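>>> below: sequence and its predicted model.
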Amino acid sequence: MRRRQFLSLLAAAPSAVLISQCRGTSRRNGWQRAKSQNGLLELTLQAKQRSVSLGNQSARVLSYNGQVPGPVLDVKAGDRVAVTLDNQLDTPTNLHYHGLHISPDIDNVFHEVAAGEQYRYEFDIPSNHPTTTGWYHPHYHLMTAQQVFGGLAGPLIIRGELDEIPEIQQASEALLLIQDFALNDQNEPLQPHPLAERWGREGNLLLGNGQQNPIIELPQNGLLRLRLINASASRIYQLQLLEHPWHLIATDRGAIAEPVELDNLILSPGERVELLIPGDREPGDYVIKSFPYERGTGEMMAAFGQSVLQMPGITAPNEQVIATLRYERRARTEPLTLPKKLLSVEPLPSAQHQRQFILNHGIDYEAGSTGFTINEKSFMMGRVNTRVSLGDTEDWTIINKASLAHPFHLHTNRFQVLSRNGKPEPYLVWKDTVALAAYETVVIRVRFEDFPGKTVYHCHVLDHEDRGMMGILEIV
Ligand SMILES: [Cu+2]
């Protein structure tokens, strides 16, 4: 049954002008950081294919302001943001502010910024916005996977209540935005094999902050706050910090109640975490390693044989080092300690409505579907799939009936995960993207707050999204 179901699936540096346009812009290690000043962040993001340094080579990939990843946007709750997107690609694009609770009229994935055009996104971040590690990336339908896989992604930090905790204030801070690339002979993003596009394109070049195995320094007896962002188009990471503890302090949309020591960290596309790492071990190097995650490859290889691993955009499962934590040999008298408490996660009120969302592979003739469905419907521009009331709380049961992993992402509002495969979650978290392995079921609770309008939910394997695994949610 499952095999048949799977088979059915087959039918350079920015210009000085740009810098001067950015208030509060600085560069560290060549990575542009645009920080809000006096409550305003204003900058231009120029999307363009350029030669950049990528890992240990030069590659002509898609960049914002000539950087991969794009500039770090660093703002506070209550700030005003004004981003001018300058589209110097040869295809339409737009921007999605992943992790922001703002109106879908602004964070509008249906908006098109044509090739050669500019568009100004201007909005206020709510003053009660949760402390969040987010990211921005293109979300132009049918082009999303290609543009993100080409390199277009950048971090978006929202500072707030979590930053006020004394132990967090004392911690040093690092970002690790993880991407995978696949390059052709010209060192440009390669065109994936059609099967790889359906499967979800992956690259064999795994980079953190555009570098191969970047070094992140951690003072001995210090505390490191590490923000991890999976900005890959399809790849699901299974990460471990070898021979060293790390403690979860925040998920996609905010802090958890108290630090939780992690072992294995599964991070699907779109997901983020914040971790605290105490520098209380022997000085030396500790690696963050990525282990293969079974997204459904076994089944594909069973169906098509080893030869699929030769197809452009499909990679063989392997272990790779993503980054190295390096202890500076510097003794402090007083070791910094982990905070005992972070921020309480208030449970959402019980739900007024229950809904079911079935992720599967099938055909929706009305939408001219290419085989990826939610509730037997593929995405169709202008067709509302789900209508909810502003202010309501709902429980959504998301059932993955498919043989592939499908991480589920909801725009605009955050949610709490209630259970996985019938088992209650051990602690409350705020999320906007939840991993679903093949045949898993997850129940989430969401309250539609503040903003009416049309927004979307979709699979964050971006090839699946482009192929229809997306629905329009209207909040009225
Ligand atoms: Cu998917």
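Alright, I've got the coordinates.

>>> now the residue of the stretch 151-300 of the chain found nearest the ion: phi and psi?
In the stretch 151-300 of the chain, the residue that lies nearest the ion is residue 200 (6.6 Å; C-beta to the ion). Where you see a C-beta, it was placed from the backbone N, CA and C, and this is true even at glycine. The phi/psi pair for residue 200 (degrees, to the nearest 10) reads phi 110, psi 110.

>>> same question, residue 144
phi -60, psi -50.

>>> number of residues surrounding the closest residue to it other than its chain neighbours?
Distances taken as C-beta to C-beta, 6 or more residues apart in numbering put residue 462 closest to residue 144, at 4.7 Å, once the chain neighbours are dropped. Counted by other C-beta atoms under 10 Å, the residues lying close to residue 462 total 27.

>>> buried ones in the particular helix or strand that has residue 177 in it, by neighbour count?
Residue 177 is part of strand 172-181, with elements assigned from DSSP states H and E. By neighbour count on 16 or more other C-beta atoms under 10 Å, the buried set for strand 172-181 is 172, 174-181.

>>> so, low pLDDT: which residues of the stretch 351-476 of the chain?
Per-residue confidence for the stretch 351-476 of the chain (pLDDT under 70) gives these ranges: 369.

>>> would you tell me which strand is longest in the chain?
strand 40-54 (DSSP state E).

>>> now the angle between strand 172-181 and that strand, please.
Using axes from the mean of the first three to the mean of the last three C-alpha atoms, to 10 degrees, the inter-axis angle of strand 40-54 relative to strand 172-181 is 50 degrees.

>>> contacts for the helix or strand that strand 40-54 is followed by?
Downstream of strand 40-54, the next assigned helix or strand under DSSP H and E is strand 57-64. Residues outside strand 57-64 that contact it (C-beta atoms under 8 Å, 6 or more residues apart in numbering) are 45-52, 54, 68, 70-71, 89, 147, 150-152, 154, 181, 183, 186-189.

>>> buried members of those into ChimeraX, please.
The buried subset of these, as determined by 16+ other C-beta under 10 Å, is captured in ChimeraX by this line:
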select :45,46,47,48,49,50,52,54,68,70,71,89,147,150,151,152,154,181,183,189
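
>>> can you list the residues of the protein near the ion?
Proximity of the chain to the ion, by C-beta under 5 Å from the ion, involves residues 406, 459, 461, 464.

>>> show me which of those residues are buried.
For these, a burial check counting by 16+ other C-beta under 10 Å picks out 406, 459, 461, 464.

>>> restricted to helices, list the residues you listed.
Taking DSSP state H as the definition of helices, those contribute residue 464.

>>> make a markdown table from the buried ones among the residues of the chain next to the ion and add distance to residue 62 to it.
As requested, those are exported to a markdown table (distance: C-beta to C-beta, whole Å):
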| residue | distance to residue 62 |
| --- | --- |
| 406 | 25 |
| 459 | 22 |
| 461 | 19 |
| 464 | 20 |
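
>>> picking up where we left off before, in strands, which of the residues of the chain next to the ion appear?
If you go by DSSP E, the residues of the chain next to the ion have residue 459 in strands.
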